[in-house]
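Enquirer: Provide a 3D model corresponding to the input given below.
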Amino acid sequence: ILFFVLFIAAALRVQENIPCGHWISTFSAWHGTMCNEISEKICFVCSITCIVASVYSFSVRPAVILYLFSALFVLCMILRVISYWRSNYLLFMLDMCYLINALSLILVWGLPTSHRLQSVQFGLANSHAYCGAFLYRNAVVFHDFQKLVSSFIHILPVLFSFLLRWFPKETSVWWYTNLVDTNAKADPLVWMNDRDWFYLMLVPLLVFCFREILYYLIVYGCVKPDEKHLDSYRYMHKKKLFAQIFWDRFHARWHILIWVMFGIVASGVVLCLAAIAWSSYLFHSLMLIVQLLMICWNGACYYIDYYPVELQRRFTSQVTEANNCYEKSHNEKAVDPNGYNSDPPGSLLSRLLPTETDSLNDRTEDGRVRRVSVCLPANTVMMIEPADVANRVRL
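Expert: I've put the predicted structure just below:
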């Protein structure tokens with residue numbers, strides 16, 4: 001309980017800018033940095049814990065995955081609504097993937113014995129939710145809460161459908177009731193011919209079409225939100241690939257109609273994946289493996305290609321903030337004739353400039369930070385020169 005309370009508190013952190021003098025501003029900046037680092041560490045630990053628990057549960061008691069993922073989904077949606085409300089991303093919450101996740105929870109908690117609902121959920125999960133991970137390039141970034149949630153909402157429906165289709169008896173153990181059993185054999189060499197095309201493909205396609213038409217009629221026909229509010233259409237409208245295929249070839253007034261028609265056609269195509277996955281345990285297993293490998297690969301690309309740049313930007317921002325605090329205090333009142341050299345322990349500068357590396361600190365005559373030595377994990381020292389930070393970062 002304490003672990004989840006800390007997780008919620010870190011995710012709901014509020015960083016305030018308090019322009020009340022040098023020391024208060026410095027403490028506020030230091031407090032915001034500390035909260036950000038703590039939340040990332042807690043998110044990292046939580047994500048690893050969930051992965052280990054999921055792997056163990058899958059092999060021992062699959063029903064634990066249903067309990068764990070259901071609780072995580074509710075928690076993540078509460079935090080995501082709060083975050084997206086502040087970031088003007090709330091329209092993303094009306095996407096098809098969230099509807100599929102809600103349908104998955106209704107299936108396992110409300111109608112666990114409904115064969116028809118299972119077929120509809122299977123078709124939607126293994127087409128739209130599955131391909132959404134590729135479309136939005138989900139990545140397993142263990143310290144980033146939002147990226148983890150984006151990956152989670154595309155994995156949950158597929159994993160639920162896998163357990164209910166191929167391991168209903170094993171999953172029913174520890175569950176509050178028996179789950180629907182389709183008598184499917186989890187044999188890689190067996191091809192099942194019990195497909196119900198109406199509920200497996202036609203109903204999911206109709207649900208997708210109805211949602212698309214209703215969404216764009218209400219949002220873009222009636223509400224007409226400001227450009228600052230992003231959704232899937234506006235997000236994809238900025239992609240160069242879609243611009244080359246669609247947007248540059250047609251007038252702007254046809255873009256929404258083209259996007260809706262493209263989504264309907266693509267929906268019919270990807271539903272074929274669900275039909276094959278329903279019949280083949282081997283194919284369905286390979287689909288899960290490919291999806292997990294893809295988001296792991298995107299996570300690796302993030303840590304190798306992007307995160308060093310983000311780390312450099314973050315440290316540069318801290319140095320700039322330290323310079324701004326110095327200029328403000330210097331213009332108002334000289335608090336200490338020695339300036340930053342006598343900065344008290346625990347302040348922002350003492351955090352940026354640890355005592356064991358003070359000899360590497362370099363300043364100009366007016367007190368500006370020219371070079372900062374920051375202690376990193378594994379006894380690594382990063383040298384940052386704000387004046388030429390884009391070209392001179394030495395590890």
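
Enquirer: Grab the nearest non-local neighbour of Asn178.
Expert: Nearest non-adjacent residue to Asn178, counting by CB to CB, 6 or more residues apart in numbering: Ser172, 4.7 Å away. Every C-beta, even on glycine, is put in place using the N, C-alpha and C of the backbone.

Enquirer: Now the phi/psi pair for Pro196, please.
Expert: One correction, residue 196 is Asp, not Pro. phi -110, psi 100 (degrees, to the nearest 10).

Enquirer: next one: Ala274
Expert: Per-residue torsions, Ala274: phi -60, psi -40 (degrees, to the nearest 10).

Enquirer: Tell me which residues touch it, please.
Expert: By CB atoms under 8 Å, 6 or more residues apart in numbering, Ala274 lies in contact with 122-127, 200-201, 204.

Enquirer: before we move on, back to that, please read off the pLDDT at the residue nearest to Asn178 from the model.
Expert: Predicted confidence (pLDDT) for Ser172: 94.

Enquirer: That one - how many residues pack around it?
Expert: The criterion is other CB atoms under 10 Å. On that basis, Ser172 has 18 neighbouring residues.

Enquirer: again, but for Phe250
Expert: The burial count for Phe250: 11, using other CB under 10 Å.

Enquirer: That one in helix, strand or coil?
Expert: coil (DSSP: H, G, I helix; E, B strand; the rest coil).

Enquirer: which residues does the spatially closest residue to Ile258 that is not a sequence neighbour contact?
Expert: Counting by CB to CB, 6+ apart, Phe246 is the residue found nearest to Ile258 once chain neighbours are left out, at 5.4 Å. Applying CB under 8 Å, 6+ apart, one finds that Phe246 lies in contact with 255, 258-259, 262.

Enquirer: can you put those residues in JSON lines and add pLDDT?
Expert: Formatted as JSON lines, the contacts of Phe246 follow (pLDDT from 0 to 100):
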{"residue": "His255", "pLDDT": "88"}
{"residue": "Ile258", "pLDDT": "90"}
{"residue": "Trp259", "pLDDT": "91"}
{"residue": "Phe262", "pLDDT": "91"}
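
Enquirer: which secondary structure element contains Pro157?
Expert: helix 145-166 (DSSP states H and E).

Enquirer: Tell me how many other residues surround Phe73.
Expert: Neighbours of Phe73 using other CB under 10 Å come to 19.

Enquirer: With Val108 as the reference, measure out to it.
Expert: Applying CB to CB, to the nearest Å, the value for Phe73 to Val108 is 11 Å.

Enquirer: Ok, Gln146 next?
Expert: For Gln146 relative to Val108 (CB to CB), the value is 25 Å.

Enquirer: Looking at these two, which is more packed in?
Expert: Neighbour totals were compared for Gln146 and Val108, and Val108 leads with 23 against 17 (other CB under 10 Å).

Enquirer: shouldn't Asp144 be in contact with Cys43?
Expert: Yes - the pair Asp144 / Cys43 is scored as a contact, 7.0 Å apart, by CB atoms under 8 Å.

Enquirer: residues making contact with stretch 185-196?
Expert: Contacts of stretch 185-196 (CB under 8 Å, 6+ apart): 116, 119, 166-167, 182-184, 275, 278-282, 285.

Enquirer: Of all pairs in these, which one spans the longest distance?
Expert: Spanning the widest gap among the contacts of stretch 185-196 are Arg116 and Leu282, at 25.5 Å by CB to CB.
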